[in-house]
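Asks: Sequence and predicted model, in that order:
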Amino acid sequence: MTSPRHRLTPTQREEILSAATSGESITRISERYGVTRQAIRGILRRRGVPARRVGKLTDAQRSEVVNQFLGGAPISRIAASFGVTAPSVRGLVSRKGILIPGVSHRLRHDAFDSFDSDACYWIGFLFADGCVSYRQGYMPQISLGLAERDREHLVALRDFLCCDNSISPVSPTHGSCQFSIRSHRLADRLIELGRYKDVLDERLAASRDFWRGIVDGDGSLGIYNRPAPSTRSFAQFRVVGRRHILDSFAEFLQGEGIVKLSVRPHKSIFTMGTTCGPAERIVALLYAGAGTALPRKAEIAERIIARRYTSAR
């Protein structure tokens, strides 16, 4: 690489300046123009533009970013003045609950106010696999991560919530896709219904759709072969979770005539499971004619239900 004085034209220097003030990283700019990062920093320094800082903004700087945005300053100019990217500014402003023109805000904040089948299902799924987090000064966040094979289920949740938040690519670290939303009303509703409490809302406890969501998130279904020489197979059902959740599930099943299921300790949580006829009955209760379900578990459930129907003939 050579220095910008020998290679960059005045037009290119203006392009670099524009890219930097829009929040693009120095590394990307240097790669595009084939010069060193030090050369880019030199151009910015001579024009009085600070390079993007490494690290987080202080609390005072965050407050000033928000104040400048509310005062009508363009995001690109705010990002340049603080040496951060434009997406960082958008994220900071959005987390404060401030609407940004041009950004979609179609999220259904009342999605969990009713107890229809879809709402109960997704509440159950989020109880099992989702996370509700609160951080002072920011809107509460509901986040969910699923394996790449289940990415379309994140799309289904996003469609149910009527929003267009992005779903992340698969993380090389933990191998999952991430989806999150921010909403006081949705987060508070999940907490109110019992997400982190020891008491579950009785309307959820009576819903097979809620329990199907729990099982899709924290359960397993399967058909397994018996040890040789037998050629027969058997169905198996299992779910893990917190004690009071599984106790409520056992009560629900007992009300449906499925009894003698015990909740047992399993490492730091609890588990409940069964096989053969009782497992088939549970699967049929939760999945037969169901609407929303995790596709790969719905496929296994369909096979178990068909097996039960065949053996009953």
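Replies: The structure has been received and is ready for your questions.

Asks: which residue is nearest the centroid of this protein?
Replies: Geometric centre of the chain, nearest residue: residue 144, 2.4 Å, by CA atoms, centre = their mean.

Asks: what's around the residue nearest to residue 190 when sequence neighbours are not counted, how many residues?
Replies: Spatially, and ignoring its direct neighbours in sequence, residue 190 is nearest to residue 132 (5.3 Å; CB to CB, 6 or more residues apart in numbering). Any C-beta I mention is one placed from the backbone N, CA and C, and that applies to glycine too. Residue 132 has 18 neighbouring residues, counting by other CB atoms under 10 Å.

Asks: just residue 61 next, same as before
Replies: The number of residues packed near residue 61 is 15, by other CB under 10 Å.

Asks: Please enumerate the strands of the stretch 101-250 of the chain.
Replies: Assigned by DSSP state E, counting those that start in this stretch, the strands in the stretch 101-250 of the chain fall at 131-133, 141-147, 176-182, 219-225, 233-241.

Asks: Make a markdown table out of these and add mean pLDDT and distance to residue 203.
Replies: Shown next, in a markdown table, are these (pLDDT from 0 to 100; distance: least, CB to CB, whole Å):
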| stretch | mean pLDDT | distance to residue 203 |
| --- | --- | --- |
| strand 131-133 | 94 | 19 |
| strand 141-147 | 94 | 20 |
| strand 176-182 | 91 | 23 |
| strand 219-225 | 93 | 21 |
| strand 233-241 | 95 | 19 |
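
Asks: any low-confidence regions in the stretch 51-200 of the chain?
Replies: Counting by pLDDT under 70, the stretch 51-200 of the chain has low-confidence residues at 51-56, 101-105.

Asks: and if you look at the stretch 201-313 of the chain?
Replies: By pLDDT under 70, the weakly predicted segments of the stretch 201-313 of the chain are 230-231, 308-313.

Asks: in it, which spans are helices?
Replies: Using DSSP state H, counting those that start in this stretch, the helices of the stretch 201-313 of the chain run over 202-205, 208-218, 243-255, 276-287, 295-312.

Asks: Please identify the most buried of those.
Replies: Most buried of those, by mean neighbour count (mean count of other CB atoms under 10 Å): helix 208-218, with a mean of 25.

Asks: quick revisit: residues contacting the residue nearest to the centre of the chain?
Replies: By CB atoms under 8 Å, 6 or more residues apart in numbering, residue 144 lies in contact with 126, 129-131, 154, 157, 178-180.

Asks: got those residues as TSV, with neighbour count columns?
Replies: Shown next, in TSV, are the contacts of residue 144 (neighbours: other CB atoms under 10 Å):
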residue	neighbour count
126	23
129	19
130	20
131	12
154	19
157	23
178	16
179	23
180	16
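
Asks: closest to residue 40 among these?
Replies: residue 178 (31.7 Å; CB to CB).

Asks: For the nearest residue to residue 118 once chain neighbours are set aside, which residues are in contact?
Replies: Distance criterion CB to CB, 6+ apart; nearest residue to residue 118, sequence neighbours excluded, is residue 292 at 5.5 Å. Residue 292 makes contact with 117-118, 121-122, 156, 160, 209, according to CB under 8 Å, 6+ apart.

Asks: Quick check, residue 171 in contact with residue 146.
Replies: No: the criterion here is CB atoms under 8 Å, and residue 171 misses it with residue 146 at 11.2 Å.

Asks: now the residue nearest to residue 19 when sequence neighbours are not counted: how far from residue 249?
Replies: Distance criterion CB to CB, 6+ apart; nearest residue to residue 19, sequence neighbours excluded, is residue 29 at 5.2 Å. Per CB to CB, to the nearest Å, residue 29 is found 56 Å from residue 249.

Asks: Could you pull out the buried residues of stretch 255-269?
Replies: For stretch 255-269, the neighbour count (16 or more other CB atoms under 10 Å) marks 258, 261, 263 as buried.

Asks: how about stretch 296-308 as PDB, C-alpha atoms only?
Replies: The C-alpha trace of stretch 296-308 is given here as PDB (Å, rounded to 0.1, in the frame of the first residue of the first chain):
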ATOM      1  CA  ARG A 296     -40.100 -30.900  13.200                       C
ATOM      2  CA  LYS A 297     -41.900 -31.800  16.400                       C
ATOM      3  CA  ALA A 298     -45.300 -31.600  14.600                       C
ATOM      4  CA  GLU A 299     -44.000 -34.200  12.100                       C
ATOM      5  CA  ILE A 300     -43.000 -36.600  14.800                       C
ATOM      6  CA  ALA A 301     -46.300 -36.000  16.600                       C
ATOM      7  CA  GLU A 302     -48.200 -36.800  13.400                       C
ATOM      8  CA  ARG A 303     -46.400 -40.200  13.200                       C
ATOM      9  CA  ILE A 304     -47.100 -40.900  16.900                       C
ATOM     10  CA  ILE A 305     -50.800 -40.100  16.500                       C
ATOM     11  CA  ALA A 306     -51.100 -42.200  13.300                       C
ATOM     12  CA  ARG A 307     -49.400 -45.100  15.200                       C
ATOM     13  CA  ARG A 308     -51.900 -44.700  18.000                       C
END
